[in-house]
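Engineer: got a sequence here, can you build the structure:
(chains A and B)
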Protein chains: 2
Amino acid sequence: MAEIILEDESLRDGLQFEKVIIPIEEKLMLFDLLRSAGVKRIQVGSLVNPKVVPQMADTDMLASRVIGAQGTLATGLVLNAKGLERAVASGLKHITLSASVSDTHSMKNVGKSSQEAINSVFQLIREADEAGIDVRAGAQCVFGCVYEGTVSEDKVVDTLCQMASAGAGELNLADTTGMGNPVQVKRLVYKVMQALPNAVLSLHLHDTRGLGMANMIAGYEAGIRIFDTSAGGLGGCPFVRGAAGNVPTEDAVHLFESMGIATGINLSKLCQVVDKYELLLGRSLPGRMNRVLKTQSLCTV
Amino acid sequence: MAEIILEDESLRDGLQFEKVIIPIEEKLMLFDLLRSAGVKRIQVGSLVNPKVVPQMADTDMLASRVIGAQGTLATGLVLNAKGLERAVASGLKHITLSASVSDTHSMKNVGKSSQEAINSVFQLIREADEAGIDVRAGAQCVFGCVYEGTVSEDKVVDTLCQMASAGAGELNLADTTGMGNPVQVKRLVYKVMQALPNAVLSLHLHDTRGLGMANMIAGYEAGIRIFDTSAGGLGGCPFVRGAAGNVPTEDAVHLFESMGIATGINLSKLCQVVDKYELLLGRSLPGRMNRVLKTQSLCTV
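Structural biologist: Below is the predicted model:
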């Protein structure tokens, strides 16, 4: 029985900026490898403008082909009304709706001020609820923004409170820029927990400053039990040196299992996913445990 | 005023397996860049058999040229009597003496059983003490061995207790294989602290499984204030995929400073060291903050 849930986002946050378009049959195989390894939740893509993010153009089709998968919840990222419409049509039963708490980041990402994007999410949560879709609602840039610097923790807490009131069943704190540190993670998680004692919280971390794993431990110690990760640590923008992906799923599995915390995921099987990504993309990915399993005879997991 | 000490080991643990021999003038420049950035302790090399580790052949000469450096303590790694003799002759005022708690690792590394190597260290501590050299004594493989798996924590504690009795002023716990996890780090540190309440402890971590930073935080939370790091994360064996270097010094600086813990180190200046290593070695190093400083306008440090 898994004590924590890792939501693998390699098919979405991992692939979204890759220039080589991965065919849907390959994505289906990646999904199946993740599922076979025991990953309980898989974000299959984002329902955004395919002209802006061509890699995500097949998300509807991919979603419609995997929603019945045994033992794994398929989910997708939705940022606007058009995306929700497509999510409903695809048959998705679970989505993440998300808005940035930084104005500059929000303008660059969705062409709306932060407050406009947040207000739009409140409305979309209600509509998704009416359509029978479970919603996780998230705030982006909660630990800082590369454009604006510090972000108001009160604004984050207030935003999440309103998302919960609108009907979101889970609330996601996203360190979009990888600027959080362990002290900050604990402080913000405690503030959110104080404001929303019964909320289910999850943490979306990027490893830009090498703090992904340390922040994940801080989140776990603060009480978080759901973490977004990406097989191989795939992600970030290949054209911006210094932008890194989510915490590698296989390294997160090793971390938790080595501390006696069950993830329900088979590490060797999971590493097959990493192998497949490395083959498809023609390069090594930053995650460590795939290399460790191949080169060292003894492992703690 | 620095609240923690980072001992940069890029010139030793970082370079020791590099095939390209770095000329001593370049090493002197690297030392000086580290010193200028505010690094308080620099391990300049190891006094081991130059036939086995040719990169370290100039350690005596390098040491003799930097021991007077203002504001920075130059130190070296010593594993046997011959090494201590060379350390004394070079004028070093501080060394680390170290032995592995794993038999197999010890045989491969120094051709002695673990107990023989440890006994030899007890003797060398006394001799160094008589020669007026400050000694840090360390145990290697304290969180596990790739050959033997689990290591006895009681043996680690007992070894460190005897090293302290022999006169070591600081005790170092080395995660040589990068197998430790945060729970384990805290447990072992607490055990050592219970046995030796007045000891000065330090932690030597490798990032093989991506847990270097998380283990460093765990060590800090347990009370450790001295950490071994390597500029750029330089280290590991380039011929063994999966073996990684120490925690990158610049990422450790960012981590602590972002949490309000002073390191006394200037991050921008430190990144000049990383640039220089990347230039000399002709490849990118795994540390994150050098890339982040170059690509992102806002940083929390």
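Engineer: pull the CA atoms of stretch A:118-128 into CSV?
Structural biologist: In CSV, the C-alpha atoms belonging to stretch A:118-128 read as follows (Å, rounded to 0.1, in the frame of the first residue of the first chain):
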residue,chain,number,x,y,z
ILE,A,118,-7.0,33.2,-10.9
ASN,A,119,-10.6,34.5,-11.3
SER,A,120,-10.9,32.4,-14.5
VAL,A,121,-9.7,29.3,-12.6
PHE,A,122,-12.4,29.9,-9.8
GLN,A,123,-15.1,29.9,-12.6
LEU,A,124,-13.5,26.8,-14.4
ILE,A,125,-13.4,24.8,-11.1
ARG,A,126,-17.2,25.2,-10.8
GLU,A,127,-17.8,24.3,-14.5
ALA,A,128,-15.5,21.2,-14.2
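Engineer: can you name the residues in contact with the longest helix seen in chain A?
Structural biologist: Ranked by number of residues, the top helix in chain A under DSSP state H is helix A:114-130. Contacts with helix A:114-130, where a contact means CB atoms under 8 Å, 6 or more residues apart in numbering or on different chains, come from A:78-81, A:84, A:87-88, A:95, A:97-103, A:105-106, A:110, A:112, A:135, A:137, A:139, A:159, A:162-163, A:166-168. Where you see a C-beta, it was placed from the backbone N, CA and C, and this is true even at glycine.
Engineer: these in strands, which ones?
Structural biologist: A:Val78, A:Ile95, A:Leu97, A:Ser98, A:Ala99, A:Ser100, A:Val135, A:Ala137, A:Ala139 (DSSP state E).
Engineer: isn't the fourth one right up against A:Leu77?
Structural biologist: Yes. Because the distance of 6.6 Å satisfies CB atoms under 8 Å, A:Ser98 is recorded as touching A:Leu77.
Engineer: element containing A:Leu92?
Structural biologist: In the assignment (DSSP states H and E), A:Leu92 maps to no helix and no strand.
Engineer: same check on A:Ser268?
Structural biologist: helix A:267-281.
Engineer: now the next helix or strand after that helix: mean pLDDT?
Structural biologist: Once helix A:267-281 ends, the next helix or strand along the chain (criterion: DSSP H and E) is helix A:289-295. Helix A:289-295 shows a mean pLDDT of 90.
Engineer: any idea how far helix A:289-295 is from the chain center?
Structural biologist: How far helix A:289-295 lies from its chain's middle: 24 Å, per CA atoms, centre = their mean, to the nearest Å.
Engineer: who does that helix touch, helix- and strand-wise?
Structural biologist: helix A:249-258, helix A:267-281 (3 or more CB pairs under 8 Å, 6 or more residues apart in numbering or on different chains; DSSP states H and E).
Engineer: chain B: which of those is closest?
Structural biologist: Smallest distance to chain B across those (CB to the nearest CB): 4.2 Å, for helix A:249-258.
Engineer: okay, how far is it across stretch A:74-91, tip to tip?
Structural biologist: With CA to CA, to the nearest Å as the measure, the ends of stretch A:74-91 fall 10 Å from one another.
Engineer: contacting residues around that stretch?
Structural biologist: With CB under 8 Å, 6+ apart as the criterion, stretch A:74-91 contacts A:7, A:12, A:31, A:41-49, A:59-61, A:63-64, A:66-67, A:92-99, A:109-110, A:117, A:120, A:124, A:127-128, A:131, A:133, A:136.
Engineer: same check on stretch A:186-193?
Structural biologist: Under the criterion CB under 8 Å, 6+ apart, residues A:142-143, A:153, A:156-157, A:160, A:171, A:173, A:180, A:199, A:201, A:203, A:218-219, A:221-224 lie in contact with stretch A:186-193.
Engineer: state the mean pLDDT of that stretch.
Structural biologist: Across stretch A:186-193, the average pLDDT comes to 98.
Engineer: may I have it as CSV, with CA atoms only?
Structural biologist: Backbone C-alpha positions of stretch A:186-193 (Å, rounded to 0.1, in the frame of the first residue of the first chain) are rendered in CSV as follows:
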residue,chain,number,x,y,z
LYS,A,186,7.7,24.2,5.3
ARG,A,187,6.6,27.8,6.2
LEU,A,188,4.2,28.1,3.3
VAL,A,189,2.9,24.6,3.7
TYR,A,190,2.2,25.2,7.4
LYS,A,191,0.4,28.5,6.5
VAL,A,192,-1.8,26.8,4.0
MET,A,193,-2.5,24.0,6.4
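Engineer: how about that stretch, which residues are buried there?
Structural biologist: A:Lys186, A:Leu188, A:Val189, A:Val192, A:Met193 (16 or more other CB atoms under 10 Å in any protein chain shown).
Engineer: gap between the third one and B:Ala174?
Structural biologist: Translated: A:Val189. Plainly put, A:Val189 is 32 Å away from B:Ala174 if you go by CB to CB, to the nearest Å.
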